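Enquirer: Using only what follows, build the 3D model:
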Amino acid sequence: MSTLKSEAAIATEQASRYLQQLCKHFAHKRAVTFDAHAGEISFSVGDCRLKAEDNTLRLSLTAPNGEDMEQLKDVVVRHLVRFAFREELQVDWQDA
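Expert: Residues are numbered from 1 along each chain as shown. I've put the predicted structure just below:
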């Protein structure tokens, strides 16, 4: 079974904060592991790995097909934008 992969590097001074907010939010309904620097969220349509660096939040998504990948991107970005309402984040996905 092949999986699709997509990544985004998002410039933000709040990388660790957003990583933790996303993980805590989804931990109520999903399998989640995280600390201040890295996290992983398992969704029904795929997985999201997060990594907080100095001024960058890195997202790495894997999904079984294109439809699930688009749904995963949408869910992750919608929640991230909601948490980051104080700044305008630029999310450019790079499909691998």
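Enquirer: Contacts for the top helix by length along the chain, please.
Expert: As assigned by DSSP state H, the longest helix anywhere in the chain is helix 66-83. For helix 66-83, contacts defined as CB atoms under 8 Å, 6 or more residues apart in numbering pick out 4, 6, 10, 18, 21-22, 25-26, 43, 45-46, 48, 59, 61, 63, 89, 91, 93, 95. In short, each C-beta sits where N, CA and C put it, glycine included.
Enquirer: count of residues packed around the closest residue to residue 65 other than its chain neighbours?
Expert: Nearest residue to residue 65 in three dimensions, chain neighbours excluded: residue 4, at 6.8 Å (CB to CB, 6 or more residues apart in numbering). By other CB atoms under 10 Å, 17 other residues sit near residue 4.
Enquirer: residues touching residue 4, list them.
Expert: With CB under 8 Å, 6+ apart, residue 4 has these contacts: 62-66, 69, 95-96.
Enquirer: Save these as CSV, and put in pLDDT too.
Expert: Output for the contacts of residue 4, formatted as CSV (pLDDT from 0 to 100):
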residue, pLDDT
62, 98
63, 98
64, 97
65, 96
66, 96
69, 97
95, 92
96, 83
